[in-house]
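**Student:** Provided below are the primary sequence and the corresponding predicted coordinates.
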Amino acid sequence: MRRFARWLIVCLALPLAAQVNVLTYRDDNARTGQNPNEPLLTLANVNSSQFGLRYFRAVDGAVYAQPLYMAAVPMAAGGTHDLILVATEHDSLYAFDADDNTGANAAPLWQASFINPAQGVTTVPYQDVSCPVVYPELGITGTPVIDPNTYTIYFVAFTKETAAGGAVNYVHRLHALDVRSGLELPASPVEIQAAVPGTGDGGSVVTFVPKSYKQRAALLLANGVVYTSWSSHCDIGLYHGWILGYRADTLEQAMVYNDTPNGSGASFWGSGAGPASDGSNVFVVSANGEFDDTTAVPDLGDSIIKLSPANGLSVADYFTPFNQLALSDADLDLGSSGALLLPAEVGSGAHPNLLVTAGKGGIVYLVDRDAMGGYNTGSDAGAVQTVPLAGAGLFGPPAYFSGNLYFSAQNDQLRAFGISNGQMSASPLSSSPTAFAAPGSSPIVSSNNDSNGIVWAFEIGAGQGVLHAFDAADLSNELFNDPVGSFIEFAVPTEADGKVYLGLYQYLAVYGLLPAPAGSLAAVVNAASFNASIAPGSLISVFGGDLARATTSAQQIPLPVSLADTSVMINGARVPLLYVSSRQINAQVPIQTGTGTANVTVVSSGVATPLGSFQVIPAAPQIFVAGANHLLALNQDGSTNGEANPAAAGSIVQIFLTGAGAFTNPTATIGSAVAQFTYAGPAPGTVGVQQVNLQVPNLPPGDYSLRLTIGGVASNSGLISVD
């Protein structure tokens, strides 16, 4: 069976899953930090001779937020692009083409700025808040979040606003932008304000004071609510830990939680880690502050907190270390890293749903999310397990991959701990060759399912940053490292489609496989019939040599325009891809392509094949051929039609084709008999594929030629078997 027909049968049987996007901090709401769908980067090719820095993208400020990646975005200005979204402390948000930095893609696809110095609206100088942790200015700090269903990106911008008379206001605003255009949505922005009952500020109401807070932690989007988390500036002044939730559609404030309404402290910062969600509840980890669980609304400094959104974000459960007071007094925040929600595969019967975190104290806490244990004096009996780390505290969450947890504490080696049946290994299974300088790193993992696991970690050392890559199965095997000229504290790399993106000071670094010799084009044919009949909207197969450096198929609709760092250009525009390999690529001719000669080239890891061409005709209905002259047809019971599996006379068969257009005046014959249509239209769950359902005429058993005519244009013909 031809490869494309085999792919089509799979697609018709199984709906396409989500493409590998990085739409939130550390890949998912569980904050695992893993991308398990990376076919291009392997243990064999991530090395200094084949992998490295491809190019830089200049931006206007420091990049403290993790870059986000969204594939196959239909841009308002036209064309489809894979996007990398970069937020800066200069209060700008950039959308770059994620695959290319040449030609029209050399400039940002759009840039949005949220300051207006001429009107007195600027970023916030670090001197104004007496805290150089975010330097030299504060703008957009927390990692944004993207809703793929509405193409909306949410983030918080911090501004200093000086009126004509000299009065100064400090303002946080939640923004919602359309990633297709960079334009604000109608309800956006909304100013951040909040108040809760309590006595922590010496009165009956505790209010949110904008200048006292920075929005350091990543945003969370869960169940239609955008959650923002708030931290202090260097523990200066009176502050609290706030979680504020806003409806994603209207930006109306929906949730308010303050973790020290009767006290102070306990902010949420997590070295940039955002709240986690299991789909129902929200999990956060607070920093140093007051703890008192005897009040109706407890103060929960240095605690892992489970929040239920059912009643306006209330405490459903919590875990607090027995030595909370000592941790708080010594500024050993439990909240220096966020919560990682572990998959059920590593739980036990007694503890199926687990959470893991660690803080500045260097202790890993494994906690049951369903029964978190509360507070116990004298010991951490409420935890499922505690494991000491060798380093001087953890700044940033661990990563999870294939039964392993990867911790990178400051002044310690990157270490892998096994986890299964509800227990972590008491000692590391493997460790990196050298220790990471303070503050350690926030590792992520790329893999192709359970194979080719690679741990990526960004280290600050000797006044510069270093990107590292390790074998996930054995961290002593360092695959790659590269010093870069600048660094950002707690920076998290983003890995997608064979590339690693790293936000730094005033630029984005883009890593990938280094250019290899150009491939070659041999032929461009219709993917259904493998002949030269190609119309706008048709699916095509491109044949040649060394076209792509990995084999993979699309996993989403809309289709991506890059797979395994490989794209196809038709008349200079990237086109949707279904499948790439070294010798064959399946793609779609854009519906707006004009008739006549179309130029085509394949770009893999930044290198283009020599230019090729094919002819585009107005209409070309072509039926998919399965092999041995048989058409790709499904019988009424869903089985594939063939000599050993014929269709009964009078039953319905499904036929699949491409390039059919609007189905004007369709006719069908099976043998010499006319077949009646019961359906003619798009094939559900596919792109560029049409479907006709035909009633098989009353014919004797045998193989019969089937042909369609649509709009006066005859299709190719092939056989179906009739019983």
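**Tutor:** Structure received.
**Student:** flag the shaky bits of this structure, pLDDT-wise.
**Tutor:** Flagging of the chain using pLDDT under 70 yields the residue ranges 1-19, 462.
**Student:** helices along that one, start to end?
**Tutor:** In the chain, the segments counted as helices under DSSP state H are 3-13, 324-329.
**Student:** all strands of the stretch 201-350 of the chain, in order?
**Tutor:** Secondary structure of the stretch 201-350 of the chain, counting by DSSP state E, counting those that start in this stretch: strands at 205-207, 220-222, 225-230, 242-247, 253-258, 276-277, 282-285, 291-292, 299-300, 304-308, 314-320, 340-341.
**Student:** give me the contact list for the longest one.
**Tutor:** Yep, that's strand 314-320 we're talking about. 257, 281, 291, 293, 297-298, 300, 302-308, 365, 367, 371-375, 382-383 (Cβ atoms under 8 Å, 6 or more residues apart in numbering). Where C-beta positions appear, they are placed from N, C-alpha and C, glycine not excepted.
**Student:** what angle do strand 253-258 and it make with each other?
**Tutor:** Using axes from the mean of the first three to the mean of the last three Cα atoms, to 10 degrees, the inter-axis angle of strand 314-320 relative to strand 253-258 is 40 degrees.
**Student:** could you chop this protein up by domain?
**Tutor:** Domain assignment for the chain by automatic domain parsing gives 25-513, 516-616, 622-722.
**Student:** Throw those domains into a markdown table and include mean neighbour count, thanks.
**Tutor:** Shown next, in a markdown table, are the domains of the chain (neighbours: other Cβ atoms under 10 Å):
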| stretch | mean neighbour count |
| --- | --- |
| domain 25-513 | 20 |
| domain 516-616 | 20 |
| domain 622-722 | 18 |
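**Student:** list the contacts of the nearest residue to residue 401 once chain neighbours are set aside.
**Tutor:** Take residue 401 and drop its neighbours on the chain: the residue closest to it by Cβ to Cβ, 6 or more residues apart in numbering is residue 445, 4.1 Å away. Listed by Cβ under 8 Å, 6+ apart, the contact set of residue 445 reads 33-35, 399-401, 406, 453-456, 472.
**Student:** sorry, back to before: same list, the strands of the stretch 201-350 of the chain, but as JSON lines with distance to residue 74 please.
**Tutor:** Below are the strands of the stretch 201-350 of the chain laid out as JSON lines (distance: least, Cβ to Cβ, whole Å):
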{"stretch": "strand 205-207", "distance to residue 74": "43"}
{"stretch": "strand 220-222", "distance to residue 74": "21"}
{"stretch": "strand 225-230", "distance to residue 74": "23"}
{"stretch": "strand 242-247", "distance to residue 74": "25"}
{"stretch": "strand 253-258", "distance to residue 74": "30"}
{"stretch": "strand 276-277", "distance to residue 74": "28"}
{"stretch": "strand 282-285", "distance to residue 74": "32"}
{"stretch": "strand 291-292", "distance to residue 74": "50"}
{"stretch": "strand 299-300", "distance to residue 74": "44"}
{"stretch": "strand 304-308", "distance to residue 74": "36"}
{"stretch": "strand 314-320", "distance to residue 74": "40"}
{"stretch": "strand 340-341", "distance to residue 74": "32"}
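**Student:** of all those, which lies closest to residue 435?
**Tutor:** Comparing the strands of the stretch 201-350 of the chain against residue 435 with Cβ to Cβ, the closest turns out to be strand 340-341 (22.2 Å).
**Student:** if we can go back for a sec, next step: the contacts of residue 445 restricted to strands.
**Tutor:** Among those, the residues falling in strands (DSSP state E) are 34-35, 399-401, 406, 453-456.
**Student:** pull the contacting residues for the residue lying closest to residue 558 once chain neighbours are set aside.
**Tutor:** Excluding the flanking residues, the one nearest residue 558 by Cβ to Cβ, 6+ apart is residue 72, at 4.4 Å. Contacts for residue 72 (Cβ under 8 Å, 6+ apart) come out as 19, 80, 82, 556, 558-561, 576.
**Student:** take those and keep only those in strands.
**Tutor:** With DSSP E as the criterion, strands contain 80, 82 from among the contacts of residue 72.
**Student:** can you put the contacts of residue 72 in TSV and add distance to residue 232?
**Tutor:** Shown next, in TSV, are the contacts of residue 72 (distance: Cβ to Cβ, whole Å):
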residue	distance to residue 232
19	38
80	43
82	37
556	40
558	42
559	46
560	41
561	43
576	47
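**Student:** what's the closest non-adjacent residue to residue 143?
**Tutor:** residue 218 (3.7 Å).
**Student:** over to residue 711?
**Tutor:** Taking Cβ to Cβ, 6+ apart as the measure, residue 711 lies nearest to residue 664, with 4.0 Å between them; neighbours along the chain are not counted.
**Student:** could I get the contacting residues of that neighbour?
**Tutor:** Residue 664 sits next to 710-712 when contact means Cβ under 8 Å, 6+ apart.
**Student:** and for residue 589?
**Tutor:** Neighbour list for residue 589: 534-540, 570, 575, 598, 616 [criterion: Cβ under 8 Å, 6+ apart].
**Student:** and it, how far from residue 573?
**Tutor:** Distance, residue 589 to residue 573, by Cβ to Cβ, to the nearest Å: 11 Å.
**Student:** same question for residue 86.
**Tutor:** Distance from residue 86 to residue 573, by Cβ to Cβ: 24 Å.
**Student:** what does residue 486 give?
**Tutor:** Applying Cβ to Cβ, the value for residue 486 to residue 573 is 35 Å.
**Student:** format the contacts of residue 664 as TSV; extra columns: distance to residue 522.
**Tutor:** Compiled in TSV, the contacts of residue 664 are given as follows (distance: Cβ to Cβ, whole Å):
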residue	distance to residue 522
710	30
711	31
712	32
